[in-house]
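Engineer: Give the three-dimensional model of this entry:
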Amino acid sequence: MSIWEAIVLGLVQGATEFLPISSSAHLIVVPWLLGWEEPGLAFDAALHFGTLTAVVVYFWRDLVGMARALPRALTGAGALLRDPAPGRRREADPRDADARLALLIAVGTVPGLVAGLAGQNVIEAFYHPGGGTPTRAIVAVALALMALGGLLLVAERVAAHQRRVAHLTWQDAVTIGLAQATALIPGVSRSGATITAGLFQGLHRADAARFSFLLGAPIIGAAAAKGLLDVVQAGMSRGEAGIFAAGIVTSGVTGFAAIWGLLRFLQRHGTRVFVVYRFGLGLLLLGLVAAGFRG
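Structural biologist: Numbers count the residues shown, from 1 in each chain. Have a look, this model is predicted:
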């Protein structure tokens with residue numbers, strides 16, 4: 001892999017990790033379209049480290065607040081998670097809000113971790129069997145892009161847009177966490193699935209995106225940590241280190257811009273542009289496969 005390829009893939013990862021269009025799909029599709037070799041799981045993990053950095057930098061106040069509130073969260077979990085009137089009350093103590101958010105994220109993270117441990121190897125065997133990207137993987141990506149695009153469109157039409165993150169219950173967190181677990185399938189999109197689920201739960205668009213990004217931090221961090229541990233154990237040359245660094249920096253900077261831009265975009269606009277993009281890319285991929293491209 002060249003520095004140029006690392007930068008391009010870093011840009012792709014940074015933008016698509018947070019926009020509801022699937023980073024895993026684009027990291028499969030872009031090399032396939034350009035005729036590049038697959039970047040490999042180690043480089044994919046490095047890119048996730050970059051996007052994790054973007055989340056930490058952007059949401060550092062929220063993360064510090066939740067870290068400080070952990071003792072409160074652990075000692076009063078039951079009371080904090082009980083919400084007899086969702087959306088109609090506000091926490092009396094600001095620390096309760098941070099503690100409660102930490103608990104909601106912990107609850108919502110469990111389905112994704114279980115899905116990753118149970119299904120990661122199966123997914124990798126299907127989409128990355130070695131020696132190039134199989135046609136079946138591109139077809140599956142295209143179908144997943146359009147399927148989640150359809151759900152996102154429905155969510156936009158039925159969403160109430162009345163609730164804030166502070167109004168979420170533990171049941172909401174489980175529902176959104178289950179949606180996040182489906183993002184193990186390339187083309188679904190972690191942010192796309194969780195934002196869609198948030199809209200179905202009545203959240204404002206920007207609040208759905210904010211909770212999506214915070215909920216994704218533990219999953220992204222776990223993926224990055226595992227991959228980087230594998231890299232350290234295997235070792236790398238100085239040239240490889242430079243390539244990895246280029247990808248990490250690019251994905252981090254682009255990811256920060258994507259978070260900033262999407263949260264502001266969703267304050268005034270809907271998600272239909274992403275629905276159109278998902279259907280457009282899905283149909284394009286199916287058309288290329290039907291035409292025998294890279295066949």
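Engineer: now this protein, which segments are flagged as low pLDDT?
Structural biologist: Low-confidence regions of the chain, defined by pLDDT under 70, span residues 83-94, 131-132, 231, 234-237, 295.
Engineer: any chance you could map the helices in it?
Structural biologist: Residue ranges of the helices in the chain, as given by DSSP state H, are 3-16, 23-34, 41-58, 60-68, 70-75, 77-81, 94-127, 135-158, 170-181, 190-200, 205-234, 238-265, 272-290.
Engineer: which other helices and strands contact the first one?
Structural biologist: The reference is to helix 3-16. Judged by 3 or more CB pairs under 8 Å, 6 or more residues apart in numbering; DSSP states H and E, helix 3-16 is in contact with helix 23-34, helix 41-58, helix 238-265. Bear in mind the C-beta positions are built from the backbone N, C-alpha and C, glycine included.
Engineer: that older thread, closest to R164 out of the helices of the chain?
Structural biologist: Comparing those against R164 with CB to CB, the closest turns out to be helix 205-234 (5.2 Å).
Engineer: Next, the angle from the closest one to helix 190-200.
Structural biologist: For helix 205-234 against helix 190-200, the angle by axes from the mean of the first three to the mean of the last three CA atoms, to 10 degrees is 150 degrees.
Engineer: so can I have CSV of the helices and strands packed on helix 3-16 showing mean neighbour count and distance to M1?
Structural biologist: Rendered in CSV, the data for the helices and strands packed on helix 3-16 read as follows (neighbours: other CB atoms under 10 Å; distance: least, CB to CB, whole Å):
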stretch, mean neighbour count, distance to M1
helix 23-34, 21, 10
helix 41-58, 22, 7
helix 238-265, 19, 6
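Engineer: about what we covered before: out of the helices of the chain, indicate the one that is most buried.
Structural biologist: With neighbours defined by mean count of other CB atoms under 10 Å, none of the helices of the chain is more surrounded on average than helix 190-200, at a mean of 27.
Engineer: quick one, phi/psi of A159?
Structural biologist: A159 has phi and psi values of phi -60, psi 140 when expressed as degrees, to the nearest 10.
Engineer: That one reaches F200, doesn't it?
Structural biologist: Yes - when contacts are counted by CB atoms under 8 Å, A159 is listed as touching F200 (6.8 Å).
Engineer: about what we covered before: and of the helices and strands packed on helix 3-16, who's closest to R294?
Structural biologist: Taking CB to CB, helix 23-34 is the member of the helices and strands packed on helix 3-16 nearest to R294, at 6.3 Å.
Engineer: Mind giving me the packing neighbours of the closest one?
Structural biologist: Applying 3+ CB pairs under 8 Å, 6+ apart, one finds that helix 23-34 contacts helix 3-16, helix 41-58, helix 135-158.
Engineer: now the angle from that helix to helix 94-127?
Structural biologist: For helix 23-34 against helix 94-127, the angle by the same axes, to 10 degrees is 40 degrees.
Engineer: which ones are touching the closest residue to Q267 other than its chain neighbours?
Structural biologist: The spatial neighbour of Q267 that comes closest, neighbours along the chain excluded (CB to CB, 6 or more residues apart in numbering), is A206 at 5.0 Å. A206 sits next to L263, L266, Q267 when contact means CB atoms under 8 Å, 6 or more residues apart in numbering.
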